[in-house]
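Novice: Structure for the following, please:
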Amino acid sequence: SSMKAVAEHLGVSVPGLYHHVRNRKELLLLAAQRSMAQMQLPNHEGKHWSEWLREWGRYSRNAFIEEPEVLGQFLSGAVSWERVVEVIDSVISVLTQQEFTPASALAAWDAVGSCAVGSAVAAIRYRSAVEAGHPPKAEWHRVLGQRPVDELTGARSVVGNLGENLEAEFEEELTTLLVGIAARRGESWEAILLHGADSEGLSRPKLAAG
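Specialist: As a prediction, this is how the structure comes out:
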C-alpha cells in the first residue's frame, strides 16, 4: 500500500506521516511489529493439544497470507525478542499441562509454525504467479505438452489436482505432522484425525502416506 493510502487511513497528511516514519520500509516494519504483537494464542481450555496447535497453525498461516509484508518482516527478524520469549513461555505452560516436556512443547510449536510459514509462502507465490498471468497449472501443462507423452509420467499423474485447494493441502500437512507428534508420544494417532474433523467440520482427512 502507498504512503498516501496509509496517510488517508490514519487521517493524516503524507508529510505528517513522514514526520513519524522516514520511509515506506520503516512504516512496514512498524506495521509488521504491531501485527506480530497482536497475534494471539488460541484459547486452550478443554482442547486437545492437537486441536490447539492446529488452530494456531491456521491462524498464523492466514495472518501471513493476508499481510505478506508481515512475513517479510518476520523473516528479517523484526519481531521483538521480548514478545517471542513471552509467547514461547505461554506455549510451554499450555502444553506441559498435557504431559509435554518444555523441550518437546517448543519442538511441536516450532514444527507447526514452520508448516504454517511454508504453506503461506506457497500460497503467496501461487497468488503472485496467477496475478502475473502464469497460473502454475497452465505452466505445468505447457511444459508437459512440449515433451513426449511417455516422459514425466509422475508429474502427469498429479497435474490434475495441482493447486486446486491450498488450504486443504495445508490441513493434510498439519494432520500428518500432528499424527507424527502423537505417534512419537505413544498416543493414539487416530484421535488426531477425529480432533481435526471436529475443529472445522472437515471430513476425515486421508493421510499423506495413503
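Novice: Residue 147: which element?
Specialist: Using DSSP states H and E, residue 147 is not contained in any helix or strand.
Novice: wait, what's in contact with it?
Specialist: By Cβ atoms under 8 Å, 6 or more residues apart in numbering, the contact list for residue 147 is empty. All C-beta atoms are positioned from the backbone trio N, CA, C, and that covers glycine.
Novice: Report the mean confidence score over stretch 167-183.
Specialist: For stretch 167-183, mean pLDDT rounds to 93.
Novice: If you could redo that for stretch 87-104, that was the one I meant.
Specialist: On average, the pLDDT along stretch 87-104 is 94.
Novice: Give me the number of neighbouring residues for residue 196.
Specialist: Residue 196: 22 surrounding residues under other Cβ atoms under 10 Å.
Novice: same for the lengthiest helix in the chain, what does it pack against?
Specialist: Longest helix in the chain, counting residues (DSSP state H): helix 102-131. Applying 3 or more Cβ pairs under 8 Å, 6 or more residues apart in numbering; DSSP states H and E, we find helix 102-131 packed against helix 49-66, helix 68-75, helix 81-95, helix 136-145, helix 166-184.
Novice: mind checking how far the second one is from the chain centre?
Specialist: Shown here is helix 68-75, whose average C-alpha point lies 12 Å from the average C-alpha point of the whole chain (Cα atoms, centre = their mean, to the nearest Å).
Novice: All set now, cheers.
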